[in-house]
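**Q** prediction below, plus the sequence it came from.
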Amino acid sequence: MFRLCVVVAVLVATAEARLANDAGVYTNPLFSGNRPDPGAFRFTDGLFYVVTTTGSKGNDYPILSSPDLVHWTARGYVFPGTNTQPVWAVDEFWAPELHQLNNETVVLYFAAQNRAGQRCVGACTAPHPLGPFLCGADPLVPTQPHTENIDPTYVAAEGRRYLVWKVALAQRGQQNSTIKMRELEESGTAFVPNAPEIALISNDMPFEGILVEAPWIVFYKPYYYLFYSSNAETTPQYNVAVARSTSVTGPYQKLGHPILATNNGTAFEAPGHCSVLDLDGNLYIIYHAYAYGQIEKNVRLLMMDAMFMNNSTGWPYLANNGTPSSFPVPAPVIPPTPSSLRLQSHNYHKLPQLQPRLPHTDEKAMIAHHRQHHRPSSEGLPAGTYTNPVKNGNRPDPGAFRYKDGLFYVATTSGDAPDAYPIMVSKDLANWEQKGYVFPSGTWPVWANKDLWAPELHQIDNQTVGVYFAARNKRGVLCVGVCTSTHPLGPYHCDPSPLVEEAHMGNIDPTFIRDGEQRYLIWKTDGNGHIPPVPTPINLRPLVANGTAFVPGSSTTVLIKNDLPFEGSLVEAPWVLFQPPYYFLFYSSNGFSSPKYNIAAARARNITGPYVKYGQPMMATGSSKAFEAPGHCSVLGVGSEVYMLYHAYPYGKISEGNRNLLLDRLEIDKNGWPQAVSGGTPSSTPQPLPPA
């Protein structure tokens, strides 16, 4: 029954939480005391503010602020002392929420008991989250006979403002509660005259028990998602659930089961009263929970976990099988400027191969699903994490795929080494073991003479693995070849001539994609290697079913060229991934031995184009001075997440020629473009392992 959740550590975070966040991660709980029903938002000063339930203490609704959702500072109270409380409110100050009404006004919605002992909803306003707050003489929602009103929240949608709250029978234990909505005037402190009360949901499913409460509405295109808690807050069955609608006023369809609940034997129980905060497309659910087995102590701890959207079903979910995390997980990446309001039009989606929820309830699965940041790799690192590089040494131009045995295979450039294209194998994309070579010494294709570069392994059909690669022929011209095998480790069988060969122009950096039943080769014409240099188009041409020849009579389509300033003398290293409604073309640009080398993206609604470029790199050298010149990526779906495997030099060591193997996770931002969750530069701190 109390109000929502929100943000995380309050006042002073525990030493454990502070140490974890210093390493780019945090651990639940983020505060060891009782901070129930917090309500939070991000103000225009860039700070997060949270207010929490106090009950009947006199100094009501403590205010905390934080720059990062993890480290909090006490800033005072909404109502310091009994003489500042609203005149109608005398007891049980519960469920506060702060909202940005407009550029000049912050509004506080809350529940309190009036002099008649009835629970009512009030509204007060201030120019700043720290007050002072001015309140009306009467509640916004007075209580009618035999009912109580509590758990208010605010939503602006479809050009209107609404109050959403819980209405229940005054006698506790009665099995009847409803989440209602009513339109507000522009002031946010009064209802539109004659506006009806709209019932959104009631407790009508077995898992919901005696109540539904603690509403929170978020728009995530094309749905409005109504998050709510159900069952009694002092039982292990308390939970967070969700319903959705294409209109803010309903009708709402329930998912039918909790998305966050107790799991016996874990560290926390009775999670509930959630808020969902959007950090430029990264969604976080913030809530309270009891330490496991300690409900009777009535200490609700402040918690936070990342939340994801299943693009296949359109329903939100949490990792760790929908239970609170209790181990180090990545701290949020805070955008440089605050979002305007908590309710926004989210066009934010993940890249492909989303699945419902992980079949695991363990630390590895939770960390792997966590929607943001930093990771390690082996010894001395937090469990379930990795750190870049995932493989030291020279591992340029990684071309990777996941084979039907569940393992990941990657081949990398070898130059003129007799054993060509080392093959490494991994269970998790982070820990790699070398297993052999595509072309052991003495088995090169008969036409290949030197410079064996840019290999990629692909599944052509259920029985055939292909390696597409570039090498110089006997005349010294770069050509594209293809060889096939029944297994990624070979042996590979090659045609006696290249797949792409021109007399005076090199071709390099091949990739393969299957679009429905049609297969395509995509590659770079090496114009920068021509004398004089010319533009470097990325080309596409359809292949026959076995992937080793072009469709007779087919033509080549140019997808993009180097025509933007940051791209310099070339675009290269293409990789295409389909995420409805777009085909995303990832590519590198500028010289690979320059700090300006980068990874960029373009998109189209058809595989043949036309492609529109994002206009700037999505991964480039950053200020961390850990790695530079990132490029030449493979992009792989792993469960519900997508990862980019690429190479980069240790910072300041381009001249040494060792391109390390790196891994970072991608997500689609609210404008429909892929972004690296590491912030557009290679991560160098602990990151969650991909899901098993």
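**A** It's in.

**Q** wait, Y154 sits on F110?
**A** No: with contact defined as C-beta atoms under 8 Å, Y154 does not reach F110; the gap is 11.4 Å. Where you see a C-beta, it was placed from the backbone N, CA and C, and this is true even at glycine.

**Q** pairing partners for the helix or strand that contains F584, with directions?
**A** F584 is part of strand 582-589 when elements are defined by DSSP states H and E. Strand pairing for strand 582-589, determined by DSSP bridges: strand 571-579 (antiparallel), strand 598-604 (antiparallel).

**Q** distance to N103 and mean pLDDT added to the ones you listed, as a markdown table?
**A** Converted to a markdown table, the strands paired with strand 582-589 look like this (distance: least, C-beta to C-beta, whole Å; pLDDT from 0 to 100):
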| stretch | distance to N103 | mean pLDDT |
| --- | --- | --- |
| strand 571-579 | 36 | 94 |
| strand 598-604 | 34 | 96 |
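
**Q** can I get those in JSON lines with distance to T235 and mean neighbour count?
**A** Formatted as JSON lines, those follow (distance: least, C-beta to C-beta, whole Å; neighbours: other C-beta atoms under 10 Å):
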{"stretch": "strand 571-579", "distance to T235": "41", "mean neighbour count": "24"}
{"stretch": "strand 598-604", "distance to T235": "48", "mean neighbour count": "23"}
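
**Q** ranges for the helices of the protein?
**A** 15-22, 363-369 (DSSP state H).

**Q** which stretches in the stretch 1-150 of the chain count as strands?
**A** Along the stretch 1-150 of the chain, the stretches classed as strands by DSSP state E, counting those that start in this stretch are 25-26, 39-42, 48-51, 60-66, 73-79, 91-102, 105-113, 119-126, 134-135, 147-157.

**Q** what strands line up against the second one, and which way round?
**A** Taking DSSP bridges as the criterion, strand 39-42 sits next to strand 48-51 (antiparallel) in its sheet.

**Q** please apply the same query to the first one.
**A** With DSSP bridges as the criterion, the sheet partners recorded for strand 25-26 are strand 329-330 (antiparallel).

**Q** pLDDT of the strand it pairs with, averaged?
**A** Strand 329-330 carries an average pLDDT of 80.

**Q** what's P445 sitting at in phi/psi?
**A** phi -60, psi 150 (degrees, to the nearest 10).

**Q** and the helices of the chain, which one is worst for confidence?
**A** Taking the mean pLDDT of those, helix 15-22 comes last: a mean of 34.

**Q** follow-up on the earlier one: format the strands of the stretch 1-150 of the chain as CSV; extra columns: mean pLDDT and distance to G652.
**A** Formatted as CSV, the strands of the stretch 1-150 of the chain follow (pLDDT from 0 to 100; distance: least, C-beta to C-beta, whole Å):
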stretch, mean pLDDT, distance to G652
strand 25-26, 83, 27
strand 39-42, 88, 37
strand 48-51, 88, 36
strand 60-66, 87, 35
strand 73-79, 89, 38
strand 91-102, 91, 44
strand 105-113, 94, 47
strand 119-126, 95, 50
strand 134-135, 92, 57
strand 147-157, 93, 49
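
**Q** for G136, which non-adjacent residue is spatially closest?
**A** T189 (6.3 Å; C-beta to C-beta, 6 or more residues apart in numbering).

**Q** quick check: that neighbour touching V121?
**A** No: counting by C-beta under 8 Å, T189 does not reach V121; the two are 11.2 Å apart.

**Q** between the two, which is the more surrounded one?
**A** Set T189 next to V121 and count neighbours by other C-beta atoms under 10 Å: V121 wins out with 23 against 20.

**Q** quick check: pLDDT value at the nearest residue to the more buried one once chain neighbours are set aside.
**A** The shortest distance from V121 to any non-neighbouring residue, by C-beta to C-beta, 6+ apart, is to V141 (3.8 Å). pLDDT for V141: 93.
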